[in-house]
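> My questions concern the predicted model and sequence given below.
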Amino acid sequence: MQIEEQKSLKNFNTFGIDCQASYFISVNSVEDLKSILFSEKNKPFFVLGGGSNILLTKDIEAMVLHINLKGISVISESDSEIIIKAQGGENWHEFVQYCINHNWGGIENLSLIPGNVGTAPIQNIGAYGVELKDIFESCKAIHRTTLKEKTFNLEECQFGYRDSIFKNAEKGNYIITSVQFRLTKKNHKLKTSYGAIQQELEKRNVKKPTIKAISEAVIAIRESKLPNPKVLGNSGSFFKNPVISLADFNQFRHKFPEAPFYEVSSTEFKIPAGWLIEKAGFKGQRFGDAGVHKNQALVLVNYGNAQGAEIWELAIKIQEKVKDLFGIYIEPEVTVI
């Protein structure tokens, strides 16, 4: 293991923000992780996975741990199901494609989500009607100070909408080293009704969709809406879709009957944040090198040399305008450092 000093993090975050880490080390095994947590225990730590869900607004004056744990293995299987384990440093989309190529279903709607496996449970990633919790079996994590390993089951993770125990009660306490998933081997339960999946399948003349066809449809939809971070710095959806009460929803619908919405329950309704941002006039707008993407208002972008603070300033401006126009607060999905 080699500790580097004053390391640029430009290539380690999908926004492409050029912040410095005081110290940086890439961790390739659980043993190395425990060793560095013990030997450098007097230094503050900052855990970095795929860098796809963070906005760096300043240099990181800490030891940056880049989790680079690799490996995929089968834990158990029956005729109909399989439990598969992926190490925390595996790229999420590559893992999804690995599963699809083996005809393991349930994960296909989560294609092309940026980031790594180890950070996926932290915010209970989701897309097109599927969330991580729907296929989650357990995850293994190391406590940052005691170095004890703990396995968290589905209930213990306390998953919510883009939320988990790792963002709340156990925030900053654990580093997830591996995740186990329960997937189907046959009779896959396909989810094609959410978003534009059905239209994309029809466009492709797919009459009997497979998990691979759904994955390809999701990839096509995402690529048409979302910029490639390697070309244009971004972190995917910057804001969560707000969930509002029935009373607030009735008021909102009275003023904006044309607004799209999703019924979460009989008392809660989800409003697409992208629609709110677009209606507020920000879609396609550019402020220096910080901007809002022209195809998807949920995505804030770095056109080249934007500072993290400039992108955060734009995000606050959007929040204030949306609150002023609609009376709805939109919360960042991205972690702001």
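Yes, it's here.

> just so I have it, where are all the helices in the stretch 151-300 of the chain?
Counting by DSSP state H, counting those that start in this stretch, one finds helices in the stretch 151-300 of the chain at the ranges 154-157, 197-203, 211-225, 246-255, 273-279.

> Can you give me the buried ones in the third one?
Across helix 211-225, burial judged by 16 or more other C-beta atoms under 10 Å covers 211, 213-222. Just so you know, the C-beta spots here come from the backbone N, C-alpha and C atoms, and that holds for glycine as well.

> before we move on, what about stretch 192-204?
The neighbour-count check on stretch 192-204 (16+ other C-beta under 10 Å) flags 192, 195, 197, 200-201 as buried.

> how long is it end to end?
By C-alpha to C-alpha, to the nearest Å, the extent of stretch 192-204 from end to end equals 14 Å.

> repeat for stretch 126-137
One end of stretch 126-137 to the other measures 16 Å (C-alpha to C-alpha).

> Need the residues that contact it.
Contacts to stretch 126-137, defined as C-beta atoms under 8 Å, 6 or more residues apart in numbering, come from residues 83, 106-107, 109-110, 113, 120-121, 124-125, 153-154, 157, 159, 161-162, 179-183, 191, 193-195, 197, 218, 221-222.

> before we move on, what about stretch 28-44?
Contact partners of stretch 28-44, identified using C-beta under 8 Å, 6+ apart, comprise 1, 23, 25, 27, 45, 61-63, 65, 67-70, 89, 142, 144-145, 147, 149, 175, 177.

> can you pull the contacts of Glu156?
Ile165.

> same thing with Gln123?
53, 162-164, 167, 333.

> Next: Phe181.
Contacts for Phe181 (C-beta under 8 Å, 6+ apart) come out as 83-86, 99, 106-107, 135-137.

> what does Ile197 give?
109, 128, 191, 214, 217-218, 221.

> let's see it at 10 Å
108-109, 128-129, 190-191, 209, 213-214, 217-218, 220-221 (C-beta atoms under 10 Å, 6 or more residues apart in numbering).

> Let's have the residues you listed in a markdown table, adding pLDDT and distance to Gly274.
As requested, the contacts of Ile197 are exported to a markdown table (pLDDT from 0 to 100; distance: C-beta to C-beta, whole Å):
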| residue | pLDDT | distance to Gly274 |
| --- | --- | --- |
| Glu108 | 96 | 23 |
| Asn109 | 94 | 18 |
| Tyr128 | 88 | 14 |
| Gly129 | 87 | 16 |
| Leu190 | 91 | 25 |
| Lys191 | 89 | 20 |
| Pro209 | 91 | 26 |
| Ala213 | 93 | 26 |
| Ile214 | 93 | 22 |
| Ala217 | 92 | 19 |
| Val218 | 93 | 17 |
| Ala220 | 91 | 18 |
| Ile221 | 89 | 13 |
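
> Just put the buried residues of stretch 192-204 in a markdown table and tack on distance to Ile311.
Formatted as a markdown table, the buried residues of stretch 192-204 follow (distance: C-beta to C-beta, whole Å):
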| residue | distance to Ile311 |
| --- | --- |
| Thr192 | 34 |
| Gly195 | 26 |
| Ile197 | 30 |
| Glu200 | 30 |
| Leu201 | 35 |
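
> The closest residue to Glu263 other than its chain neighbours pairs with what?
In this structure, Glu263 finds its nearest non-sequential neighbour in Phe269, 5.8 Å apart by C-beta to C-beta, 6 or more residues apart in numbering. On the basis of DSSP bridges, Phe269 is bridged to Ile244, Glu263.

> So Leu110 is in contact with Val117, correct?
No. At 11.1 Å, Leu110 does not count as touching Val117 under the criterion of C-beta atoms under 10 Å.

> Spell out, range by range, the helices that occur in the stretch 1-150 of the chain.
30-39, 92-101.

> Can you list the buried residues in the first one?
Put plainly, it is helix 30-39. By neighbour count on 16+ other C-beta under 10 Å, the buried set for helix 30-39 is 30, 32-34, 36-37.
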